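# from the sequence below, what's the structure:
(chains A and B)
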There are 2 protein chains.
Amino acid sequence: MFSNQAKAQTPETVNGIEVDKIISVIDDINIDAHNGKWQFRSENQWTGGATNQSKFKEYFANNGENIPHAKPFTLEADEPLILAGNDSAANPVEYLLHALTSCLTTSLVAHAAVRGIVVDDINTSTEGDIDIRGFLGMSEDVRKGYQAIRINMRVKSDASAEQLKELALFSPVYDVVSNSLPVALNIETYS
Amino acid sequence: MFSNQAKAQTPETVNGIEVDKIISVIDDINIDAHNGKWQFRSENQWTGGATNQSKFKEYFANNGENIPHAKPFTLEADEPLILAGNDSAANPVEYLLHALTSCLTTSLVAHAAVRGIVVDDINTSTEGDIDIRGFLGMSEDVRKGYQAIRINMRVKSDASAEQLKELALFSPVYDVVSNSLPVALNIETYS
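Residues are numbered from 1 along each chain as shown, chains lettered A, B, ... in the order given. Now for the predicted structure:
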């Protein structure tokens, strides 16, 4: 099935990414584009007040193949005290920042690996501005979601910040969020 | 500072939400709209391969007041084996589904509480379709992020599905995501 099965037995690992695994996915899609159609799913249960939890048990790849996770993942949500929660877990808009930042990081690392670009370290600060009047329904002129997000990545690599930014922008979550609001991504490199 | 401090000492709780806490935020903003300007922040550290973690230590409300979380929250990210990860944690696009679903749930519950609408239970199934060719850079015609998301909420309440949907749609994360791609939210009620 894989066109590079021989290579997969002695995988090349860059940035901790086994590059042949990604090449295998590409090979499968080149055989049949339907293998690119994936789906992720959650089941969420409200657990009272501002708390709820999502479970991720499986996902679907290769035109509908059901692949169970190694173990189900449970993600909790709550709100801070000021929003009538118990501050027992991150809140939904904080989860959005994690989704966005983690996706930019993984996209940069994986695309760098495929190109043989070594990355030694990444740390990232992310800020999201929100005018809570939107959520509270106090003004129709104020949007409910974030108004702007600023992301500062510090990457230890010999590659240029410009090239690394191109790789980070393959991020699916960046695609979703940046089409809705301004996301300022700054990458600073050091070696 | 709060206009309803007396009431806050005997809070009315609906759906597990102390309604007076939300009223207090609204009162503060009515005194000065700058109190509505909030900010959420994360610090993310790449931890090798497809893994990284975000820490949430504090947030900013009431025109820049720094409010520490009760404890810092740490969120892990990884990728499934098929994407060259170790499947040790949810991946970024799964975190996005959690952010979206948890936000719709909390928004519905809190806005219902303020209006005195009782909700007894909510469980929600969420599906996100993604064509992985976009992320892999295999086609410029395929977007990198989700192409569509479908959310089915089952709500135990005497309120109508139509009214509950209006309340859920105060969700900040829904605002962000639905302005970027089709999000089909279906709410079914039972009592």
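# now find how far off-centre the lengthiest helix in chain A is within its chain.
The helix that spans the most residues within chain A, counting by DSSP state H, is helix A:92-114. Centroid displacement of helix A:92-114 relative to its chain, using Cα atoms, centre = their mean, to the nearest Å, is 4 Å.
# tell me the mean pLDDT for that helix?
Regarding helix A:92-114, the rounded mean pLDDT is 98.
# quick one: it near chain B?
Yes: contact between helix A:92-114 and chain B, assessed by Cβ under 8 Å from any Cβ of the partner chain, occurs at A:92-103, A:105-107, A:109-111, A:113. The C-beta positions use only the backbone N, C-alpha and C, and glycine is treated the same way.
# so A:L104 sits right up against A:M153, yeah?
Yes: assessed by Cβ atoms under 8 Å, A:L104 is found in contact with A:M153 at 7.0 Å.
# between these two, which one's more packed in?
The neighbour count for A:L104 versus A:M153, taken as other Cβ atoms under 10 Å in any protein chain shown, is higher for A:L104 (29 against 24).
# intersection of neighbour lists for A:L104 and A:M153?
Shared contacts of A:L104 and A:M153 (Cβ atoms under 8 Å, 6 or more residues apart in numbering or on different chains): A:124, A:168, A:185.
# host element of the first one?
When elements are defined using DSSP states H and E, A:T124 is found to belong to strand A:119-131.
# what's downstream of that strand, the next helix or strand?
With DSSP H and E, the next secondary element past strand A:119-131 is strand A:148-157.
# OK, contacts around A:A184?
Neighbouring residues of A:A184 by Cβ under 8 Å, 6+ apart: A:148-151.
# ok, A:Q163 to chain B distance?
Here A:Q163 is placed at a distance of 14 Å from chain B (Cβ to the nearest Cβ, to the nearest Å).
# can you list contacts of stretch A:26-43?
By Cβ under 8 Å, 6+ apart, stretch A:26-43 touches A:1-4, A:25, A:54-64, B:91, B:93-94, B:97-98, B:101, B:123-133, B:136, B:138, B:142.
# what sits against the residue minimising distance to the centre of chain A?
Residue closest to the average C-alpha location in chain A (Cα atoms, centre = their mean): A:C103, at 2.5 Å. Residues near A:C103 by Cβ under 8 Å, 6+ apart: A:171-174, B:92-93, B:96.
# 7 Å instead, please
A:C103 sits next to A:171-174, B:92 when contact means Cβ atoms under 7 Å, 6 or more residues apart in numbering or on different chains.
# got it, and A:L185?
For A:L185, the contacting residues are A:104, A:151, A:165, A:168, by Cβ under 7 Å, 6+ apart.
# just flag the most distant two among the contacts of A:C103.
A:Y174 and B:P92 (9.5 Å; Cβ to Cβ).
# how much space separates the residue nearest to A:G137 when sequence neighbours are not counted from A:G145?
Spatially, and ignoring its direct neighbours in sequence, A:G137 is nearest to B:F170 (6.0 Å; Cβ to Cβ, 6 or more residues apart in numbering or on different chains). For B:F170, the distance to A:G145 (Cβ to Cβ, to the nearest Å) stands at 10 Å.
# between those two, point out the one with more neighbours.
More crowded of B:F170 and A:G145, by other Cβ under 10 Å: A:G145, with 25 against 20.
# ok, that one to B:G49 distance?
For A:G145, the distance to B:G49 - Cβ to Cβ - is 31 Å.
# ok, and what's touching stretch A:110-119?
Residues outside stretch A:110-119 that contact it (Cβ under 7 Å, 6+ apart) are A:14-15, A:17, A:19, A:22, A:109, A:155, A:157, A:159, A:167, A:170, B:50, B:84.
# any of the residues you listed buried? List them.
Listed as buried from the contacts of stretch A:110-119 are A:14-15, A:17, A:19, A:22, A:109, A:155, A:157, A:159, A:167, A:170, B:50, B:84; burial here means 16 or more other Cβ atoms under 10 Å in any protein chain shown.
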